[in-house]
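**Student:** My questions are about this predicted structure, shown below with the sequence.
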Amino acid sequence: MLMRNSIYILTYPDLMIYVIQKRSTDFSLMSRILKCLKALSDPTRLRLVALVHHKELSVNELQQIMELSQSRISTHLRQLYEAGILVSRKDGKRSIYQINRSALPDAKDCIKIALKGATETEEHKGDLSNLKRVVKNRNDKAQILFNQVAGRFDRQYGPGRSWQAFGHFLLRVIPPLDIADLGSGEGLLGELLARNARKVICVDNSKRIVNFGQRKAKKNKLNNLEFRHGDIETPPLQKNSVDVALLSQALHHAGNPENALSATHKILRPGGKIIIIDLLEHNFAQAKSLYGDRWMGFPKNTLHNWLEKAGFKNVEIADVAREEEPPHFETILATGLK
């Protein structure tokens, strides 16, 4: 029902009545709101919004969670994407969807209402349970890969694992400091740093790799080198406890890189530095199956924005290496101060 100074829109019953009062003739705004609300007027699309609000998910993963056909899910995703509610990125041949966190204010208001409405759908509880299972399965697959190379990780080829890049990395570390090596693997870099650092804490999500690193540190009598089992998105370190946090070819294994950067900011002391070595965005889709990568590198602008959003200042990103052999992985180095 359209009135002179107000628009009353009734959407899906569980989504509530959305009333928007306007004292202007901003018909462009009204059109965007109508399009957004129309996209959210279906319970299946409410479920989709709720799921990708928790985690970015592929079409296949959403199919497993919701137990609906791929074509039906893709149709609903396309409507949400066109309404500006979701954004997507390519991961090889797969499309990965997440909430559009840069949406206009009116779209964000619609999303908030959708999330509330989604909790009232019959399938919501089951969706969350299936989501937990699918995410665990995703993590387990990556874990299996890293466990398989435990004990020979330093000799295993991995994109961007070049000594040229490591050299740039080490030049930015000034001992003696308390250093966290997040996503450390067996601790090759930590072992080098421990020669001069006050303390190095290596964090990895593979228990087998952590155990191997501990034995190696003990064998080499590096008493200031410690290994801890944990995830880079929730590292097992106290707030304000380290001077430098390193993520060497680790960020592209994170489920949510932005969460990992925010967590890193918390563990750094005031004035502390984050140092990241990772891959520039590429299109080598096989990296996911060959190396357990979740992200196909990062655009420099995206990484820069994420670092600033996490609270880092004086952010700098530079190209440091390019591999000669195809697919010519390029390595970037990013730094920032807390």
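**Tutor:** Good, I have the coordinates.

**Student:** So which bits of whichever strand or helix holds residue 90 are buried?
**Tutor:** Taking DSSP states H and E as the criterion, residue 90 maps to strand 86-91. For strand 86-91, a neighbour-count test (16 or more other CB atoms under 10 Å) marks 86-88, 91 as buried. For glycine as for every other residue, the C-beta is placed from the backbone atoms N, C-alpha and C.

**Student:** now these in a markdown table, with distance to residue 135?
**Tutor:** As requested, the buried residues of strand 86-91 are exported to a markdown table (distance: CB to CB, whole Å):
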| residue | distance to residue 135 |
| --- | --- |
| 86 | 18 |
| 87 | 19 |
| 88 | 18 |
| 91 | 15 |
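
**Student:** before we move on, back to that, I'd like the mean pLDDT over the next helix or strand after the strand holding residue 90, please.
**Tutor:** Note on strand 86-91: by DSSP H and E, the next helix or strand toward the C-terminus is strand 94-99. Averaged across strand 94-99, pLDDT comes to 90.

**Student:** List the strands paired with strand 94-99, with their directions.
**Tutor:** strand 57-58 (antiparallel), strand 86-91 (antiparallel) (DSSP bridges).

**Student:** closest one to residue 213 among those?
**Tutor:** The closest of the strands paired with strand 94-99 to residue 213 is strand 86-91. By CB to CB, the value is 29.6 Å.

**Student:** pLDDT of the closest one, averaged?
**Tutor:** The average pLDDT within strand 86-91 is 89.

**Student:** So which residues make contact with that strand?
**Tutor:** 48-49, 52, 58, 77, 80-81, 95-100, 102, 285, 288, 294-296 (CB atoms under 8 Å, 6 or more residues apart in numbering).

**Student:** try 6 Å this time
**Tutor:** 80, 95-97, 100 (CB atoms under 6 Å, 6 or more residues apart in numbering).

**Student:** how far out from the middle of the chain is it?
**Tutor:** Relative to its chain's centre, strand 86-91 lies at 13 Å (CA atoms, centre = their mean, to the nearest Å).

**Student:** ok, back up a step: ok, and the most crowded of the contacts of strand 86-91?
**Tutor:** Neighbour counts for the contacts of strand 86-91 (other CB atoms under 10 Å) peak at residue 80, which has 26 neighbours.

**Student:** what's in contact with the helix or strand it falls within?
**Tutor:** Using DSSP H and E, residue 80 falls within helix 70-82. Contact partners of helix 70-82, identified using CB under 6 Å, 6+ apart, comprise 39, 44-45, 48, 59, 62-63, 86, 97.

**Student:** got it, and stretch 96-110?
**Tutor:** For stretch 96-110, using CB under 6 Å, 6+ apart, the contacting residues are 32-33, 36-37, 40, 52-53, 56, 58, 77, 84-89.

**Student:** Could you dump the strands paired with strand 94-99 into CSV with distance to residue 243 added?
**Tutor:** Converted to CSV, these look like this (distance: least, CB to CB, whole Å):
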stretch, distance to residue 243
strand 57-58, 37
strand 86-91, 34
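
**Student:** These: which one's closest to residue 327?
**Tutor:** Closest to residue 327 of those is strand 86-91 (CB to CB; 15.3 Å).

**Student:** Quick check: buried residues in the helix holding residue 80?
**Tutor:** Applying 16+ other CB under 10 Å to helix 70-82 flags 73, 76-77, 79-81 as buried.

**Student:** before we move on, the earlier item: can you redo the contacts of helix 70-82 as CSV with distance to residue 176?
**Tutor:** Putting the contacts of helix 70-82 into CSV (distance: CB to CB, whole Å) gives the following:
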residue, distance to residue 176
39, 56
44, 57
45, 55
48, 51
59, 50
62, 49
63, 52
86, 47
97, 46
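
**Student:** Distance across stretch 99-112, terminal residue to terminal residue?
**Tutor:** 11 Å (CA to CA, to the nearest Å).

**Student:** Please name the bridge partners of the closest residue to residue 318 other than its chain neighbours.
**Tutor:** Excluding the flanking residues, the one nearest residue 318 by CB to CB, 6 or more residues apart in numbering is residue 333, at 5.4 Å. Beta-bridge pairing for residue 333 (DSSP bridges): residue 277, residue 318.

**Student:** chain center to the helix or strand where residue 217 lies: distance?
**Tutor:** Residue 217 is part of helix 207-219, with elements assigned from DSSP H and E. For helix 207-219, the separation from the chain centroid amounts to 27 Å (computed by CA atoms, centre = their mean).

**Student:** Partner strands of whichever helix or strand comes after that helix and their direction?
**Tutor:** As assigned by DSSP H and E, the chain's next helix or strand after helix 207-219 is strand 225-229. Strand 225-229 sits in its sheet next to strand 199-204 (parallel), going by DSSP bridges.
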